[in-house]
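# Let's see this in three dimensions:
(one chain, ligands or ions: 1)
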Amino acid sequence: MRIDVITIFPEYLAPLRAALLGKAVDRGLIEFGVHDLRDWTHDVHRAVDDSPYGGGPGMVMKPQVWGPALTEVCAPRPEHEGPPTLIVPTPAGRRFDQRTAEELAECPWLVFACGRYEGIDERVVEDAAERMPVRELSIGDYVLVGGEVAVLTMVEAVSRLLPGVLGNPASAQEDSFSDGLLEGPSYTRPEVWQDRPVPEVLRSGNHAAIRRWRRDQSIIRTYHRRPDLLAALGDDALDKHDHRL
Ligand SMILES: Nc1c(O)cccc1[N+](=O)[O-]
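Sure, this is the predicted structure:
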């Protein structure tokens, strides 16, 4: 997979080359390109924004800067048959969740456009959508200063699903949300800590009972913390177990 990021703060994306992702890059599983949006400015102040039409607070990012940047960064590449998928992190986007991460993990080439201030002139996305798939995505209902943190979040959630990136591929299948439920509690040694024992079933060696206990704990935790996820699952997904919530 190739991932390009366009931003006015390239240094914000340094974590992409650290730890797990850095190893994936070293092993050729992911190719990163980080681009400074100001490289496509033409004035002495290297301005990337201007005041909004219609008035209002804040500034809007200029189409005359974003347009050429996207044209160049998204230009056809010999190693890719088609155009990239353009991802625009925005509080006004559709929710980015595990299913979205799974969909994006199937894309051979992603380009992330990091907006700042009040966002990017709407015509930039309209124009890009005539040449490539565009997805405006939100990682949550809160206000950030820009899209860079959202890009780091999405890139990690997507990259860990790529074959070979995680040491144990099974963990990508068993973690929270992979089956629509929250992950239940986890324990490790010692057997007793602060007079708190590890649940006996986990030490029983009875793998069927352990699977059942873990499933019940996931359902109970999801019921108390994220009932919206349970509602989305529907009854048939929960009928496998006789459980007490
Ligand atoms: N929430 C937010 C924001 O305030 C600014 C850029 C991106 C996002 N987001 O992806 O959720």
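# Can you give me the end-to-end span of stretch 140-151?
End-to-end distance for stretch 140-151, by C-alpha to C-alpha, to the nearest Å: 12 Å.
# contacting residues around the nearest residue to Phe96 once chain neighbours are set aside?
In this structure, Phe96 finds its nearest non-sequential neighbour in Leu137, 4.3 Å apart by C-beta to C-beta, 6 or more residues apart in numbering. Just so you know, the C-beta spots here come from the backbone N, C-alpha and C atoms, and that holds for glycine as well. Shown in contact with Leu137 (C-beta atoms under 8 Å, 6 or more residues apart in numbering): Ile87, Val88, Pro89, Thr90, Gly93, Arg94, Arg95, Phe96, Thr100, Ala150, Met154.
# Equivalent analysis for Val111, please.
By C-beta under 8 Å, 6+ apart, the neighbours of Val111 are Ile3, Asp4, Val5, Ile6, Leu70, Val73, Cys74, Pro84, Thr85, Leu86, Ile87.
# so where is this protein shaky, pLDDT-wise?
Counting by pLDDT under 70, the ranges of the chain that qualify are 168-176, 178, 235-245.
# ok, 90 please
Low-confidence segments of the chain (pLDDT under 90): 16-23, 26, 117, 166-180, 230-245.
# which helix in it runs the most residues?
Criterion DSSP state H: the longest helix present in the chain is helix 207-225.
# following the helix or strand where Glu103 lies, which helix or strand comes up?
Element membership for Glu103, per DSSP states H and E: helix 98-104. Using DSSP H and E, the next helix or strand after helix 98-104 towards the C-terminus is strand 109-113.
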